[in-house]
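Undergrad: Next one to model:
(one chain, ligands or ions: 1)
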Amino acid sequence: MNIVGARTTVVGTPWRELVFLELVTDDGRTGVSEVRMVNKTSTLLACIDELAPRHVIDTDPFDVERLSWNVLRAEYGRPEEITQSALAAFDVASWDLMGQSLGVPIWKLLGGRFRDRVPAYANGWYQSDRDPKSIASLARAVVDRGYRALKLDPFGAASAEIAAADLRQAVAIVAAVREAVGPDVQILVEMHGRFTPATAIKVAARLEPFDPAWIEEPVAPENPQATARVRAATRLPIATGERAHTMEDIRPFIEQSLVDVVQVDLTHFGGFLAMKRLAGWADAYSLLLAPHNVCGPVGTMANVHFAVATPNYKILEHFNDFADPWVQELVDAPPTVDRVDGCFAAPERPGLGVRLNHDACAKHPRTGGRITLFEHGWERREGRSQKEEGGSQKARVRRRKSDK
Ligand SMILES: [Mg+2]
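TA: As a prediction, this is how the structure comes out:
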């Protein structure tokens, strides 16, 4: 079995663009994968176009070690966010082809069935004003939908520091959510790397009474020294890793005990092969994985396979019940969270077990959708079109010219 073709499809939503890669083989199979590249879709597409002819076309999809070495080492340039995402796209589609050709789901090739049910947590559900009452009522709806865990960033557009009134409001939101969901539902507090260490420590102390299961990226996530200051000053577990792309990126956090829950993103870290290595390494430090996941149904399905086969797996992030739920229509059999226990079931179809519906994809062309975490109202995930942005950029240029 040799790969003879690679094609990409991009689907736009108001705040994210989903890139799908399909690898076609000489025996007529199609393997699929997905990456939601943070704000740099065109850059990822260019990288896929550049690397696929060198390292993917005319290769056997079983040779993922060679594929990974080629992208990481033979390319010579340092692997980073974009290249590791392109590698993940190649890797996941390759495992889909392996599973299909052997007639088994991917998890059987990753270590087999460790668990039948994969716990999920909801994100993208708090598209509302920063008002404790409205957010609490949305939180109740999440739990009614079956989820036993949910995440929120209640800090508005705060950056570095947070104004006293804003902090009071954020604490009131978390308090209202705890009151709404009861003591047994996990509340995960996202900080998006907003704060200085001093501010993060103050905020964490104010949140402790509401028993969050973790605080996420309290400070700039590439800075282990800053994380160490927060670590030393809070009892709350720390989650981080979604912006780590290589073992070297995450190494200080694991080796210096700065992280409790490793959130590396399967689709930005090189795919199944790299995640399997990471899981073993994290397990040597008794750490759990809760991979970051902002993908539509294909990337989510990849994460479900990985979770089924990985012992030190905690929980999987999921947006697609609350933000752009129509993305589920992009494939024939999307992964779904069971209303009974808030978990995904172990997939049973060969390979990844999903096929892209090109007609459904064609209905949602690119939007230029991106995330703007330091602007007021980002929680609504309404996005801004490229046209509007182009217009405002032109307006800024015009303004600068007229200033002269
Ligand atoms: Mg995050």
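Undergrad: hey, let's count contacts and neighbours off CA atoms from now on
TA: Will do.
Undergrad: most centrally placed residue in this protein?
TA: residue 293 (2.4 Å; Cα atoms, centre = their mean).
Undergrad: State the helix or strand in which residue 23 lies.
TA: Using DSSP states H and E, residue 23 maps to strand 17-25.
Undergrad: Could you pull up the mean pLDDT of that strand?
TA: For strand 17-25, mean pLDDT rounds to 98.
Undergrad: Please apply the same query to stretch 257-275.
TA: The model assigns stretch 257-275 a mean pLDDT of 98.
Undergrad: what about it, start to end distance?
TA: 19 Å (Cα to Cα, to the nearest Å).
Undergrad: Stretch 66-78 too?
TA: Termini of stretch 66-78 sit 17 Å apart (Cα to Cα).
Undergrad: what does that stretch contact?
TA: Applying Cα atoms under 8 Å, 6 or more residues apart in numbering, the contact partners of stretch 66-78 are 51, 55-56, 79, 83, 87, 91, 270.
Undergrad: Equivalent analysis for stretch 306-318, please.
TA: Residues outside stretch 306-318 that contact it (Cα under 8 Å, 6+ apart): 107-108, 110-123, 272, 276, 279, 283, 287-294, 300, 303-304, 346.
Undergrad: Kindly report the same for stretch 157-164.
TA: 155, 194-196, 199, 373-378.
Undergrad: Can you lay out those as TSV showing distance to residue 322 and neighbour count?
TA: Converted to TSV, these look like this (distance: Cα to Cα, whole Å; neighbours: other Cα atoms under 10 Å):
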residue	distance to residue 322	neighbour count
155	20	26
194	24	23
195	27	21
196	31	19
199	30	18
373	18	18
374	22	14
375	21	12
376	20	12
377	17	17
378	15	17
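Undergrad: Check which residues of stretch 134-151 are buried.
TA: 134-136, 138-140, 142-143, 145-151 (16 or more other Cα atoms under 10 Å).
Undergrad: For the contacts of stretch 66-78, which two are the farthest from each other?
TA: Largest separation among these by Cα to Cα: 56 and 79, giving 16.9 Å.
Undergrad: out of those two, which sits in the busier spot?
TA: Per other Cα atoms under 10 Å, whichever of residue 56 and residue 79 has more neighbours is residue 56, with 25 against 18.
Undergrad: Helices of the stretch 151-300 of the chain, residue ranges please.
TA: 164-181, 197-207, 224-233, 247-255, 272-284, 297-309 (DSSP state H, counting those that start in this stretch).
Undergrad: Please flag which of the buried residues of stretch 134-151 sit within helices.
TA: The members of the buried residues of stretch 134-151 that map onto helices under DSSP state H are 134-136, 138-140, 142-143.
Undergrad: The closest residue to residue 138 other than its chain neighbours: what's it in contact with?
TA: Nearest residue to residue 138 in three dimensions, chain neighbours excluded: residue 126, at 6.4 Å (Cα to Cα, 6 or more residues apart in numbering). Contact analysis of residue 126 by Cα under 8 Å, 6+ apart lists 135, 138-139, 152, 379-380.
Undergrad: thinking again about what came up before, turn the contacts of stretch 157-164 into a markdown table, including pLDDT and distance to residue 238.
TA: Below are the contacts of stretch 157-164 laid out as a markdown table (pLDDT from 0 to 100; distance: Cα to Cα, whole Å):
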| residue | pLDDT | distance to residue 238 |
| --- | --- | --- |
| 155 | 97 | 17 |
| 194 | 97 | 14 |
| 195 | 98 | 14 |
| 196 | 98 | 15 |
| 199 | 98 | 15 |
| 373 | 88 | 20 |
| 374 | 90 | 22 |
| 375 | 90 | 25 |
| 376 | 89 | 26 |
| 377 | 89 | 26 |
| 378 | 89 | 24 |
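Undergrad: about what we covered before: turn the buried ones among the contacts of stretch 306-318 into a named PyMOL selection, would you?
TA: Here is the PyMOL command that picks out the buried ones among the contacts of stretch 306-318, judged by 16+ other Cα under 10 Å:
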select buried, resi 107+108+110+113+114+117+118+119+120+121+122+123+272+276+279+287+288+289+290+291+292+293+294+300+303+304+346
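Undergrad: In strands only, show me the contacts of stretch 306-318.
TA: Assigned to strands by DSSP state E, the following of those qualify: 117-122, 288-289.
Undergrad: And the ones in helices among the buried residues of stretch 134-151, which is closest to residue 187?
TA: Distances from residue 187 to these, taken by Cα to Cα, are shortest for residue 139, at 9.9 Å.
Undergrad: Hmm, the closest one is touching residue 177, no?
TA: Yes. Here residue 139 reaches residue 177: they are 6.2 Å apart, a contact under Cα atoms under 8 Å.
Undergrad: Without its sequence neighbours, what residue ends up closest to residue 214?
TA: Computed as Cα to Cα, 6+ apart, the closest residue to residue 214 that is not its neighbour in sequence is residue 237, at 4.7 Å.
Undergrad: how far does the longest helix anywhere in the chain sit from the chain's center?
TA: In the chain, assigned by DSSP H, the helix with the most residues is helix 81-102. Taking Cα atoms, centre = their mean, to the nearest Å, one finds helix 81-102 lying 16 Å from the centre of the chain it belongs to.
Undergrad: Which strands or helices does that helix pack on?
TA: strand 17-25, strand 30-35, helix 41-55, helix 64-69, helix 106-109, helix 272-284 (3 or more Cα pairs under 8 Å, 6 or more residues apart in numbering; DSSP states H and E).
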